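# the following block contains a protein sequence and its predicted model.
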Amino acid sequence: MAQSEVGQKKLVAGILAILLGWAGAHRFYLGDTIGGIIRIALNLVCIAGIIGIIEGIIYLTKSDEDFQKIYIEGKKAWF
């Protein structure tokens, strides 16, 4: 994946996590259906919104290379 594509994917994932983290939109966007479903379930206890904001900040502070290695290639599901 080209660096510009990684940067765009990171930006979209970070924004989705901050704005729609409670719905797991960022996890669905990254291809992690299970993680998305878990966040929807966690929303019932109001935790996923906070997790989404934290994950969004983490995504946006990673370098493009680290983001690709950890979240796109490694498919890390939590933080």
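Alright, I've got the coordinates.

# what residue ranges in the chain score low on pLDDT?
For the chain, the stretches with pLDDT under 70 are 47-48, 79.

# longest helix of it?
helix 3-20 (DSSP state H).

# so which strand or helix has the residue nearest the centre of the chain?
The chain has H26 as the residue nearest its centroid, 4.2 Å off, counting by CA atoms, centre = their mean. In this structure, H26 sits in helix 25-29 according to DSSP states H and E.

# send the alpha carbons of that helix over as PDB?
The C-alpha trace of helix 25-29 is given here as PDB (Å, rounded to 0.1, in the frame of the first residue of the first chain):
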ATOM      1  CA  ALA A  25     -17.300   2.600  12.400                       C
ATOM      2  CA  HIS A  26     -13.500   2.800  12.400                       C
ATOM      3  CA  ARG A  27     -13.100  -1.000  13.000                       C
ATOM      4  CA  PHE A  28     -15.500  -1.800  10.200                       C
ATOM      5  CA  TYR A  29     -13.500   0.600   8.000                       C
END
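
# fine by me, we can end here.
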